[in-house]
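A.B. asks: Structural data only, the sequence is not supplied:
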């Protein structure tokens, strides 16, 4: 599952009639957790499976097009960045082939004992590298 | 679309590790609005298309089984009740063929001028009657 | 804390401009958990403190008045029902002295070993009885 | 109202037991809309009062400390940036005097006719300048 689609309902839109800016974040986590799960990893139990914790250190969204109730959106995971001890997964929200919103979540790897920074485990790197790199200039 | 499926993510679950009791309501609205939309009706614009307003007068959920992160749920709309000026749509949340949660939303029809109760328009009745009646004893 | 007040923001309202029907549930849990916490109980750790689990078995809301963005609401906890092995806490959402929405959450007590029904522990009963009983006819 | 306080409840926390990364965004909008409202502006109706639209173009959060259920947080609005046609409001989430999360929302001003960029209206600038500038290095 590298894609997840949904249709905006009234609960996703604010009183002004456009998609509420905050709704994207829960969809990002749903897409990310589901994608890891399909690769045999539970994002809440990485310490057990990988020996490191990952903690969310940053999240963001850039809104490029207005989105309205009943629009159909597809979320596509992309690889925004792989660092030494952290990585950023990107989320393209696509409507009719056009990216309307781009989100990103940055996770840092931590040693479960010391709490200090830790390298990204090889198994997680392998999974991350299955994502297409971001094409945007 | 009389069914909508999703997999529970971390954001759907509380600190205790089970599905948060409130998550079902947004899924109910999503399923209801999407189903009406597939029948050519926008639940937020019924006054224009049907000549009456519908207002939510009651909602509820009965929790029958514990649901956990990564469980797959399917929402099935059922017809709980058709009255004279109000109706109740039921929502079976099904996991592996078993109803784990049953939700319901009751809507009352209102005259847009007077605000008083109004009969359910024929077109809406026709759509509601496409739903299977609830089988539970 | 038997009261909790908030002002509706855009994120609480749907595209139609009135309070979204689902928002009340999270406020109910916030008020309930905070109230128990002020009585020295963490609703997610009752097994440790009381020897029983409580599981949510039902929730509901009855919508009596339309509520709009920037309205100020106060939540008041009331005692809807005490049974033998379950109890219902009510939530009056009050605007300018008038109840606009009434919510309720029903919890069942369970034996942590067997999972079977258990009596409401005395300490929890004492806390529940600090709530005013519902006055509605 | 340049401050808004709340106590984390179970619904704010994920299955891992810490504050869910997405919860901050709704609090940011609540604090922002409420603050503008106290200055006589409704963020959803700025076209009527100011002659321009403001559209959200970016939002983000940086997570600096772990936050847990029942922690008390206070949101403080700060001025992150004023540009020519856009501005960024910052949100310090403070626990016991320490910033645990910093959020930001960037709004762009748009001409309601053409949809093109527009300058920040003087009245809005005056309100924005009541905010303390961010002190972080």
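C.D. replies: Ah, there it is. Owing to the predicted nature of the structure, the values given are computational and were not obtained by experimental measurement.

A.B. asks: ok, which stretches of chain A are strands?
C.D. replies: Per DSSP state E, chain A carries strands over the ranges A:3-7, A:53-63, A:72-82, A:86-95, A:98-110.

A.B. asks: Which elements pack onto the last one?
C.D. replies: Spelled out, that is strand A:98-110. helix A:23-38, strand A:53-63, strand A:72-82, strand A:86-95 (3 or more C-beta pairs under 8 Å, 6 or more residues apart in numbering or on different chains; DSSP states H and E). For every residue, glycine as well, the C-beta is placed using N, CA and C.

A.B. asks: Out of those, which gets nearest to chain C?
C.D. replies: helix A:23-38 (9.1 Å; C-beta to the nearest C-beta).

A.B. asks: any bit of the closest one sitting next to chain B?
C.D. replies: Yes: against chain B, helix A:23-38 shows contacts by C-beta under 8 Å from any C-beta of the partner chain at A:26, A:29, A:30, A:33, A:34, A:37.

A.B. asks: Keep the residues you listed, but drop any that are not near chain D.
C.D. replies: Among these, chain D is touched by A:26, A:29 when using C-beta under 8 Å from any C-beta.

A.B. asks: Within range of chain B, give me the residues from chain A.
C.D. replies: So chain A meets chain B at A:6-7, A:9-11, A:26, A:29-30, A:33-34, A:37, A:42-44, A:69-70 (C-beta under 8 Å from any C-beta).

A.B. asks: if we can go back for a sec, output the helices and strands packed on strand A:98-110 as CSV; include the columns mean neighbour count and mean pLDDT.
C.D. replies: Putting the helices and strands packed on strand A:98-110 into CSV (neighbours: other C-beta atoms under 10 Å in any protein chain shown; pLDDT from 0 to 100) gives the following:
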stretch, mean neighbour count, mean pLDDT
helix A:23-38, 22, 94
strand A:53-63, 20, 96
strand A:72-82, 18, 96
strand A:86-95, 21, 97
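
A.B. asks: Could you point out which of these sits nearest residue B:92?
C.D. replies: Residue B:92 lies closest to helix A:23-38 among the helices and strands packed on strand A:98-110, at 21.6 Å (C-beta to C-beta).

A.B. asks: what angle sits between the closest one and strand A:3-7?
C.D. replies: 140 degrees (axes from the mean of the first three to the mean of the last three C-alpha atoms, to 10 degrees).

A.B. asks: any idea how far helix A:23-38 is from the chain center?
C.D. replies: 6 Å (C-alpha atoms, centre = their mean, to the nearest Å).

A.B. asks: That helix - contacts with which helices or strands?
C.D. replies: strand A:3-7, strand A:53-63, strand A:72-82, strand A:86-95, strand A:98-110, strand B:3-7.

A.B. asks: and the ones you listed as CSV, adding distance to residue C:57?
C.D. replies: Formatted as CSV, the helices and strands packed on helix A:23-38 follow (distance: least, C-beta to C-beta, whole Å):
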stretch, distance to residue C:57
strand A:3-7, 29
strand A:53-63, 33
strand A:72-82, 34
strand A:86-95, 36
strand A:98-110, 35
strand B:3-7, 23
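
A.B. asks: Select, out of those strands, the one closest to residue D:75.
C.D. replies: strand A:53-63 (16.9 Å).

A.B. asks: Okay, now the sheet partners of the closest one, with direction.
C.D. replies: In the sheet, strand A:53-63 lines up against strand A:98-110 (antiparallel), strand D:53-63 (antiparallel) (DSSP bridges).

A.B. asks: contact partners of it?
C.D. replies: Contact with strand A:53-63 is made by A:21, A:24-25, A:28, A:43, A:46-47, A:86, A:88, A:100-112, A:124, D:21-22, D:55-63, D:66, as judged by C-beta atoms under 8 Å, 6 or more residues apart in numbering or on different chains.

A.B. asks: I'd like to check the angle between that strand and strand A:86-95, please.
C.D. replies: 40 degrees.

A.B. asks: Going by neighbour count, which residues in stretch A:106-113 are buried?
C.D. replies: Buried residues in stretch A:106-113, counted by 16 or more other C-beta atoms under 10 Å in any protein chain shown: A:106, A:107, A:108, A:109, A:110.

A.B. asks: which one of these is nearest residue B:79?
C.D. replies: residue A:107 (45.0 Å).

A.B. asks: quick one: pLDDT of the closest one?
C.D. replies: Note for residue A:107: predicted pLDDT of 97.

A.B. asks: Over to the one 10 residues further on?
C.D. replies: Taken from the predicted model, the pLDDT recorded for residue A:117 is 96.

A.B. asks: So for it, what's the nearest residue that isn't a sequence neighbour?
C.D. replies: Of all residues not flanking residue A:117 in the chain, residue A:85 sits nearest, at 4.3 Å (C-beta to C-beta, 6 or more residues apart in numbering or on different chains).

A.B. asks: So for residue D:119, which of the helices and strands packed on helix A:23-38 sits nearest?
C.D. replies: Of all the helices and strands packed on helix A:23-38, strand A:53-63 comes closest under C-beta to C-beta, at 20.3 Å.

A.B. asks: buried sites along stretch A:96-109?
C.D. replies: A:99, A:100, A:101, A:102, A:103, A:104, A:105, A:106, A:107, A:108, A:109.

A.B. asks: now, the most widely separated pair of the residues you listed?
C.D. replies: A:100 and A:109, at 31.1 Å, using C-beta to C-beta across the buried residues of stretch A:96-109.

A.B. asks: rewinding a little: for the residue nearest to residue A:117, which residues are in contact?
C.D. replies: So residue A:85 contacts A:108, A:109, A:117, A:118, A:119, A:120 (C-beta under 8 Å, 6+ apart).

A.B. asks: From chain C, how far out is the fifth one?
C.D. replies: Which is residue A:119. 34 Å (C-beta to the nearest C-beta, to the nearest Å).

A.B. asks: now residue A:123: how far from residue A:40?
C.D. replies: From residue A:123 across to residue A:40, the span is 9 Å (C-beta to C-beta, to the nearest Å).

A.B. asks: neighbour count winner among those two?
C.D. replies: Legend: neighbour count by other C-beta atoms under 10 Å in any protein chain shown for residue A:123 and residue A:40, higher for residue A:123 (15 against 9).

A.B. asks: need the contact list for the residue nearest to the more buried one when sequence neighbours are not counted.
C.D. replies: Closest residue to residue A:123 apart from its sequence neighbours, by C-beta to C-beta, 6+ apart: residue A:50 at 6.1 Å. By C-beta under 8 Å, 6+ apart, the contact list for residue A:50 reads A:41, A:121, A:123, A:124.

A.B. asks: From chain B, how far out is the last one?
C.D. replies: Same thing as residue A:124. 17 Å.
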